[in-house]
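A.B. asks: got a predicted structure here, sequence first:
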Amino acid sequence: MLRLSLFLCAIFLLPFAPAAAQDATPPIERQMSAQEFKAAGLDKLTAAELASLNTWLKRAVATESGKAVAEVRREQEAGTRGFKTERSEAFEARLVGHFDGFKKGLDYTLDNGQVWQQVDATVMYGVKLDNPSVQLKPGAFGEIWYMRVDGRAVNAKVKRIK
């Protein structure tokens, strides 16, 4: 029961402790009311056990905050990649569904939710692939990118539309 209480306390505290303020996070005994502290059974801990718990909580909050920040950055990057931004880097994904080759005006949906449209007349014949890998790399001028499918030598110019 004590472990469950400690786990629940840690989970409850994670959203309230920003990563930059980890050292400023007060110990758990100051974050809870006396009633909550006693109800969680924390009043039975020795001073050393309580200090150990506070150390663990700070480390857990820092770790989880770091993971959350990294996840938000990944989501942000995936959400803006391909649109005109200051920073554009090549990336890999998978096409959703069947691929029969390139053709001007076709839309290509990726497994990350992005949709790209071919803007040039590049063609690729004799290809029949399901959910192939794609590599996208930015062109020199912002919105235009180059898509290569399944490592083949043909690149098509594409523009992100969603």
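C.D. replies: Structure's in. What do you need?
A.B. asks: pLDDT value on the residue lying closest to residue 107 once chain neighbours are set aside, please?
C.D. replies: Counting by CB to CB, 6 or more residues apart in numbering, residue 107 lies nearest to residue 117, which is 5.1 Å off, once chain neighbours are set aside. Using the backbone N, CA and C atoms, a C-beta is placed for each residue, glycine as well. Residue 117 is assigned 94 on the pLDDT scale.
A.B. asks: doesn't residue 117 fall inside a strand?
C.D. replies: Yes. Per DSSP: H, G, I helix; E, B strand; the rest coil, residue 117 lies within a strand segment.
A.B. asks: for it, give me its contacts.
C.D. replies: 105, 106, 107, 108, 158, 159, 160, 161 (CB atoms under 8 Å, 6 or more residues apart in numbering).
A.B. asks: of those, which pair is most distant in space?
C.D. replies: Based on CB to CB, the longest span within these runs between 105 and 160 and measures 14.9 Å.
A.B. asks: higher neighbour count, those two?
C.D. replies: Higher neighbour count among residue 105 and residue 160: residue 160, with 18 against 8, using other CB atoms under 10 Å.
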